[in-house]
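Student: need coordinates for the below:
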Amino acid sequence: MTLRPYSDGTEHYAAVEVRGGRRRLRAAFRIPRPSHLRAAWLRCRPDGEAEYREMRLVQDGPWERWEAAVSLRGTSLAYRFILQDHDGHLWHFDQRGLHATPPHDDASFVHLDEPPPSWLRGTTFYQIFPDRFARGNGDTSPAQRAQAANLPLPRASAELEWGDRQPGYRSGGESAFMGGDLVGIRSHLDHLKNLGVGALYLTPIFLAGSYHRYDTWDYQEIDPRLGTGQDLSALCRELHVAGMRIILDGVFNHVGAGHRWFNRREVFEEPGAYQDVDSPFAEFFIFQRHPDRYENWLGIKELVKLDYRSRRVREAIYGGPDSVLRRWLRPPYSIDGWRLDVANMIGRCGPVQSNHEVLAEMRQAMKDTDSDKFMLGENFFDATSQLQGDQLDSVQDYHGFYFPVLRWLTGCEPQIPRGLRTAPTLDLVAGGAEQLAASLMEARARVPFAVAQALFHQLGSHDTPRILTVLDGDEDRLKLAVFLLLIWPGTPCIYYGDEVGLEGGRDPENRRAMPWNEKTWNHDLLEYYRRLINLRRTDEVFADGGVRVIHAEGDVFCFLRVLGDKVRLAALNRGDRPRAVELDLAVLGWTRGEVVDLLAHDGAELVDGRLTLTLPARGVRLHRLEDHQ
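Tutor: Okay, the predicted model is just below:
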């Protein structure tokens with residue numbers, strides 16, 4: 001006997017109700033009828049000790065629905081279900097699925113009182129590298145803008161013509177500016193609106209010594225080569241009027257050696273910790289021997305590690321009323337959140353391991369300022385411990401999305417250099433859709449449902465080669481990747497230029513200038529992005545629904561997006577030949593009805609619970625199941 005229960009964290013299966021002034025969670029699962037279940041229990045741990053609630057059976061069309069209510073006494077509640085079949089066997093049901101023996105609690109369903117912001121649902125982000133996106137200040141050069149602002153200038157820099165290739169870092173490439181700015185972003189908002197983008201993520205915009213600005217010199221000043229505080233407030237205001245959001249990049253793990261607190265470059269008149277061991281800023285850093293031996297990021301002495309053992313560091317970055325984090329969240333800017341650079345490393349240095357404590361304090365500072373703000377972290381690795389509802393709202397999910405998708409589409413282990421360290425070259429992997437499904441679902445199972453829906457999914461960023469280059473220019477495989485990006489649950493983000501076919505290898509080639517000559521664009525690809533983004537924005541199932549994998553074998557990957565009784569079927573074939581696949585939906589409770597195509601391909605018919613699809617070579621199908629009850 002095969003049991004096929006389904007549950008997720010949407011209000012259809014996890015509804016909060018108030019009775020007599022007390023809050024309760026009504027948790028439920030459903031299972032195709034007849035289920036042959038004898039009984040079911042809700043198992044939870046509200047105060048660390050297990051509690052059980054007997055569940056009630058509710059007849060629900062072709063489904064049996066089982067539900068129970070439990071009091072909510074804290075800010076979160078973890079739970080799973082125990083099912084007893086007619087033979088007396090017990091089965092444990094959590095976010096990983098069914099287990100014949102009691103599982104660990106790391107994949108329980110979790111209700112959060114303070115989930116990630118609701119505006120993320122249906123929103124597609126667009127990442128902009130400001131120096132390379134667009135110029136808006138006419139013929140004024142970046143150096144002229146910096147000089148006019150009477151702020152410290154960086155070391156001698158090269159000013160590139162738009163579209164020039166950047167010199168390598170050993171040839172001064174870090175200070176090779178192309179002149180993109182905040183006004184340039186504003187001047188191209190129509191492109192983003194037409195694409196369907198709902199939010200922007202900008203890499204650092206604060207005063208720094210390099211074009212990438214991950215070496216911050218002053219958190220309180222917009223880099224004058226990008227514009228002014230007025231330019232930022234105007235951009236934020238125009239985005240908000242258009243119903244769009246914006247988050248900024250917070251480089252809070254380290255500062256540039258030229259930062260006014262450290263001042264190794266002596267660009268500020270006041271001495272910093274580098275000049276004066278008795279400086280009030282000396283406690284901000286970790287010196288082994290003053291002044292030249294100090295902790296830095298991955299051996300790069302230009303990036304000086306902040307010491308979060310210092311309460312003054314915490315006050316300056318996020319704790320105080322005028323802290324960096326709080327200032328830009330407030331008017332006149334009112335940014336909608338922060339992306340935290342190397343969030344896995346903040347507060348960590350040798351024996352000092354305060355990362356979780358610092359992130360929790362940062363979260364509290366953000367939510368105290370405005371509970372609707374978004375806290376995103378960079379983490380290339382397993383970020384499960386940061387994603388339990390008390391620290392980050394989300395991470396750039398390289399581990400749980402980017403890597404698995406690229407393994408499936410390329411047959412190779414992605415290589416991501418970080419600083420001066422590069423992962424070892426690994427043998428090719430011959431994984432099929434089975435491995436893809438396992439990786440994607442495991443990433444979801446180990447975090448609360450609301451967090452999984454917010455996981456930040458990308459096919460490329462300023463740290464990775466362009467996705468079209470990774471795929472050797474194969475547009476068919478690129479469309480498979482884009483399909484997964486926009487149809488799989490999560491919060492998708494597009495790296496500027498990917499939508500028009502911009503290519504580029506590793507840093508700095510992945511940071512080429514945005515081509516604004518539309519004759520050079522791949523308009524077919526642009527329309528593909530636009531169409532899928534629009535589906536995600538207008539169809540609540542793609543925005544809010546859960547997911548269930550129904551077929552994963554070799555080249556073929558099929559899954560359902562589910563929101564209550566609304567169902568969407570997605571199918572992908574990475575193979576070089578068309579493939580016919582028969583899906584048995586009867587075991588999931590769908591037995592009859594019309595199958596409506598959403599991408600103007602051939603429709604299909606559901607007969608006695610069986611659906612046969614013919615998938616094109618390196619192609620996709622997307623359907624809406626109607627009247628299946």
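
Student: the residue lying closest to residue 101 once chain neighbours are set aside sits in which helix or strand?
Tutor: Nearest residue to residue 101 in three dimensions, chain neighbours excluded: residue 92, at 7.3 Å (Cβ to Cβ, 6 or more residues apart in numbering). Where C-beta positions appear, they are placed from N, C-alpha and C, glycine not excepted. Per DSSP states H and E: residue 92 is located in strand 90-94.

Student: helices or strands up against that strand?
Tutor: strand 76-85, strand 97-99 (3 or more Cβ pairs under 8 Å, 6 or more residues apart in numbering; DSSP states H and E).

Student: which pLDDT value goes with residue 46?
Tutor: As predicted, residue 46 sits at a pLDDT of 87.

Student: can you pull out the low-pLDDT segments for the stretch 1-150 of the chain?
Tutor: 1, 60, 138-143, 145-150 (pLDDT under 70).

Student: could you pull out the helices for it?
Tutor: Applying DSSP state H, counting those that start in this stretch to the stretch 1-150 of the chain gives helices spanning 142-148.

Student: over to the stretch 201-350 of the chain?
Tutor: Going by DSSP H, counting those that start in this stretch, the stretch 201-350 of the chain shows helices at 229-241, 311-314, 324-329.

Student: sorry, back to before: and the strand holding residue 92, which strands flank it?
Tutor: Strand 90-94 has the following strand partners under DSSP bridges: strand 76-85 (antiparallel), strand 97-99 (antiparallel).

Student: tell me the most buried of these?
Tutor: For the strands paired with strand 90-94, the largest average neighbour count (mean count of other Cβ atoms under 10 Å) is found in strand 76-85, namely a mean of 19.

Student: just to revisit the earlier point, ranking the helices of the stretch 201-350 of the chain by burial, who's on top?
Tutor: Greatest average neighbour count among the helices of the stretch 201-350 of the chain goes to helix 324-329 (a mean of 20), per mean count of other Cβ under 10 Å.

Student: contacts for that helix, please.
Tutor: Applying Cβ atoms under 8 Å, 6 or more residues apart in numbering, the contact partners of helix 324-329 are 219-220, 248, 250, 252, 316-318, 320, 335, 338, 362, 365-366, 369-370, 373.

Student: just the buried residues from those, in PyMOL please.
Tutor: Applying 16 or more other Cβ atoms under 10 Å to the contacts of helix 324-329, the buried members can be selected in PyMOL as follows:
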select buried, resi 219+248+250+252+316+317+318+335+338+362+365+366+369+373
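
Student: just the ones in strands from the contacts of helix 324-329, please.
Tutor: Counting by DSSP state E, the contacts of helix 324-329 place 219, 220, 248, 250, 338 in strands.

Student: now, among those residues, which is nearest to residue 522?
Tutor: residue 248 (29.6 Å; Cβ to Cβ).

Student: I'd say that closest one and residue 339 touch.
Tutor: Yes - counting by Cβ atoms under 8 Å, residue 248 touches residue 339, with 7.2 Å between them.

Student: per-residue confidence for residue 151?
Tutor: Value for residue 151, per-residue pLDDT: 64.

Student: swap in the one 3 residues further on?
Tutor: The per-residue pLDDT reported for residue 154 equals 57.

Student: could you do the one 10 residues further on as well?
Tutor: Among the per-residue scores, residue 164 shows a pLDDT of 91.

Student: so can I have TSV of the helices and strands packed on strand 90-94 showing distance to residue 398?
Tutor: TSV is the format used below for the helices and strands packed on strand 90-94 (distance: least, Cβ to Cβ, whole Å):
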stretch	distance to residue 398
strand 76-85	26
strand 97-99	25
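
Student: need the strands for the stretch 501-629 of the chain, in chain order.
Tutor: 546-553, 556-563, 566-573, 579-584, 593-597, 604-607, 610-615, 619-626 (DSSP state E, counting those that start in this stretch).

Student: out of those strands, nearest to residue 32?
Tutor: Here strand 579-584 is closest among the strands of the stretch 501-629 of the chain (Cβ to Cβ), at 11.1 Å.

Student: where does this structure have low pLDDT?
Tutor: In the chain (pLDDT under 70), the answer is 1, 60, 138-143, 145-157, 416-430, 601-603, 627-629.

Student: now residue 468, nearest residue through space, not along the chain?
Tutor: residue 503 (5.1 Å).
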